[in-house]
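>>> sequence unknown, structure follows:
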């Protein structure tokens, strides 16, 4: 009987030790110390961008083409965290929203932001139905909206500035600027050059950003010299799949970035690309 009591005592001590470790892990993990994280996840031929604000609010801009995003999220979020504050669909094409179907099965989500373009696939209709059934707050992005994500970080919507329900999905992509202190990221979705020209004419030097997320996975249809000149980024990030059938990134895009001496980081070559910012500078992890 004494031996059984000792074993029970050791078991209880073991459980308490593990629980204490988990608590301290959670405390350490949540102590952001004024740091913003931006992770361009390796979701194959698609976009999937995870943002964690200095106050630990978590946003996903696009979810890649499929459930592979869950594996990627597991590498940037603690295992016990099963919620996301916001999902932003830059455009309703499969390579941007597909993974959100799986995310909604595994994570609690507070709100969803969309551009208002119409997705042609039946899967997108299922996603919208699931969002409605779960009672998730659902809004349309419009120029001038400022999404405060905590700790002084914000996401400013630059486009759409109109009803885009009749526009092609790429033309109506959400374009947004993530700002934290002196650091920023221009997030361009799949916006083509005609929208880039429009934004350059309207925003000009206000497009200046530390990081440029290259439009449409490096397609020649995006990333005009005009846009790159105004953004003047320190880094360009291309989210594309290894050996993709589109030939992304196209040579024309790489040549434009080389013209401006912009270092190029690609998920097909590097995997997930993660930056942190203290508000003064970005550091690549």
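Received the coordinates, thanks. Just so we're clear, the structure is a prediction, and the values are computed from it rather than from any experiment.

>>> Lowest-scoring secondary structure element of this protein by mean pLDDT?
helix 2-30 (a mean of 50; mean pLDDT, DSSP states H and E).

>>> after that one comes which helix or strand?
Once helix 2-30 ends, the next helix or strand along the chain (criterion: DSSP states H and E) is strand 36-40.

>>> For that next one, which outside residues touch it?
48-54, 76, 151, 153, 178, 180, 183, 185, 211, 213, 237, 239, 265, 267, 272-279, 282 (CB atoms under 8 Å, 6 or more residues apart in numbering). Where you see a C-beta, it was placed from the backbone N, CA and C, and this is true even at glycine.

>>> Filter those residues down to the ones in helices?
76, 267 (DSSP state H).

>>> Would you mind giving me the PyMOL syntax to select the buried ones in the contacts of strand 36-40?
This is how PyMOL selects the buried members of the contacts of strand 36-40, with burial counted by 16 or more other CB atoms under 10 Å:
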select buried, resi 48+49+50+51+52+53+54+151+153+178+180+183+185+211+213+237+239+265+267+272+273+274+275+276+277+278+279+282
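
>>> Who's the closest spatial neighbour of the residue most central in space within the chain, skipping the chain neighbours?
The centroid of the chain falls nearest to residue 49 when counting by CA atoms, centre = their mean (2.0 Å). Nearest residue to residue 49, sequence neighbours excluded (CB to CB, 6 or more residues apart in numbering): residue 61, at 4.2 Å.

>>> does the one you found have beta-bridge partners, and which?
Beta-bridge partners recorded for residue 61 (DSSP bridges): residue 49, residue 88.

>>> List the contacts of it.
Residue 61 neighbours (CB under 8 Å, 6+ apart): 47, 48, 49, 51, 88, 90, 176, 187.

>>> what's the closest of those residues to residue 251?
Lowest distance from residue 251 to these (CB to CB) belongs to residue 47, with 21.0 Å.

>>> Verify the stated contact: the closest one with residue 188.
No. With contacts counted by CB atoms under 8 Å, residue 47 stays clear of residue 188, the gap being 9.6 Å.

>>> Quick one: the contacts of residue 61 as JSON lines, columns for distance to residue 243 and pLDDT too.
Below are the contacts of residue 61 laid out as JSON lines (distance: CB to CB, whole Å; pLDDT from 0 to 100):
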{"residue": "47", "distance to residue 243": "18", "pLDDT": "98"}
{"residue": "48", "distance to residue 243": "18", "pLDDT": "98"}
{"residue": "49", "distance to residue 243": "22", "pLDDT": "98"}
{"residue": "51", "distance to residue 243": "28", "pLDDT": "98"}
{"residue": "88", "distance to residue 243": "28", "pLDDT": "98"}
{"residue": "90", "distance to residue 243": "24", "pLDDT": "98"}
{"residue": "176", "distance to residue 243": "30", "pLDDT": "98"}
{"residue": "187", "distance to residue 243": "25", "pLDDT": "98"}
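
>>> What is the most widely separated pair among the residues you listed?
Across these (CB to CB), the longest gap, 15.2 Å, separates 48 and 176.

>>> which among the contacts of residue 61 gets closest to residue 133?
Distances from residue 133 to the contacts of residue 61, taken by CB to CB, are shortest for residue 88, at 19.9 Å.

>>> From residue 173, how far off is residue 207?
15 Å (CB to CB, to the nearest Å).

>>> Give me the more crowded residue out of those two.
More crowded of residue 207 and residue 173, by other CB atoms under 10 Å: residue 173, with 33 against 24.

>>> by contact count, what packs against the host helix or strand of residue 257?
Residue 257 belongs to helix 251-259 when assigned by DSSP H and E. Applying 3 or more CB pairs under 8 Å, 6 or more residues apart in numbering; DSSP states H and E, we find helix 251-259 packed against helix 225-231.

>>> ok, 10 Å please
Applying 3 or more CB pairs under 10 Å, 6 or more residues apart in numbering; DSSP states H and E, one finds that helix 251-259 contacts helix 225-231, strand 235-238, strand 264-266.
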